[in-house]
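Trainee: From the sequence below, what's the structure:
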Amino acid sequence: MFQLWFKDWRRRRLVRRPTPAHWPGILEQRLWYWGYLSAPQQQRLLGLIAIFLKEKEVVVPAGIAEPEAVRLTVAGAACLMLLGFEDTYCFDRIQTIVLTLRPFRQQVQVAAVDGLFGDMLASGAYSRNAPVALSWLDVQRECATPEFGANVVIHEFAHHIDDLDGAMAGDPPFPTLALVGRWKEVSRREFERLNELQAAGVETVIDPYGLGDPVEFFAVSCEAFFCNPLGLEEEHAELYGLLQLLFRLDPKPWFGD
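Mentor: Model prediction:
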């Protein structure tokens, strides 16, 4: 208990300190969300970024220029997910983030055939007790503009949130059992609906990549929540409402609503 108290005390002390004066300018250029955040949200984001960069190692390859700006971009995108809270939690189980120059090959299980594995190009990867891997090519372009409707940083850190209860199963840590049950009911229904829309060739707000399993469905739903909240609320209102409760945040004002 003392250790947890000390960590919180140390973090609160850190966020009370002024952050470097040039950080907002970098975030304005690199993280398109920055200019749409309220002044209190900007201040909280700066504090969370300070915690993130103090406690975690962000490994930037030699081939990537301006490493400080790169680290700020990654930290800023991840910490957007924490803006609705008031505590100092900052993805405690993640210690290292490793950037690659471009998408990398990752071995994944073939969904249709149990036990078989294949290679695919990936923009990111999360695994418990391992570094988070991110393709800088994708991070850079997705953080610079909302036009992609996706964000690999949010996707991979959503897996961490799913994993907070010790099991990645696509059921995030809602504060009550009733909300956990509601999420399971609504997400199962929306998963089936997404499958039907994909089979009919209908373009969807939620990335069809989420049809792989409930774990990926949760991650792409989080991407849609932070990258296309207007569309998500219009097409999947119940899912949107539950994610609002989970993140204690409504990102629609960032998108001109």
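Trainee: Output the contacting helices and strands for the longest helix seen in the chain.
Mentor: As assigned by DSSP state H, the longest helix anywhere in the chain is helix 177-199. Counting contacts by 3 or more C-beta pairs under 8 Å, 6 or more residues apart in numbering; DSSP states H and E, helix 177-199 packs against helix 214-227, helix 237-247. The C-beta positions use only the backbone N, C-alpha and C, and glycine is treated the same way.
Trainee: again, only using 10 Å
Mentor: helix 214-227, helix 229-235, helix 237-247 (3 or more C-beta pairs under 10 Å, 6 or more residues apart in numbering; DSSP states H and E).
Trainee: Excluding its own residues, what touches that helix? List them.
Mentor: With C-beta atoms under 10 Å, 6 or more residues apart in numbering as the test, helix 177-199 has contacts from 165, 169-174, 176, 202-208, 210-211, 213-214, 217-218, 220-221, 235-239, 241-243, 245-246.
Trainee: Just the buried ones from the residues you listed, in ChimeraX syntax?
Mentor: Buried subset of those, written as a ChimeraX selection, criterion 16 or more other C-beta atoms under 10 Å:
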select :170,171,172,174,204,205,206,207,210,211,214,217,218,220,221,235,236,239,242,243,246
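Trainee: so can I have TSV of the helices and strands packed on helix 177-199 showing distance to residue 184 and mean pLDDT?
Mentor: Output for those, formatted as TSV (distance: least, C-beta to C-beta, whole Å; pLDDT from 0 to 100):
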stretch	distance to residue 184	mean pLDDT
helix 214-227	9	95
helix 229-235	19	94
helix 237-247	10	96
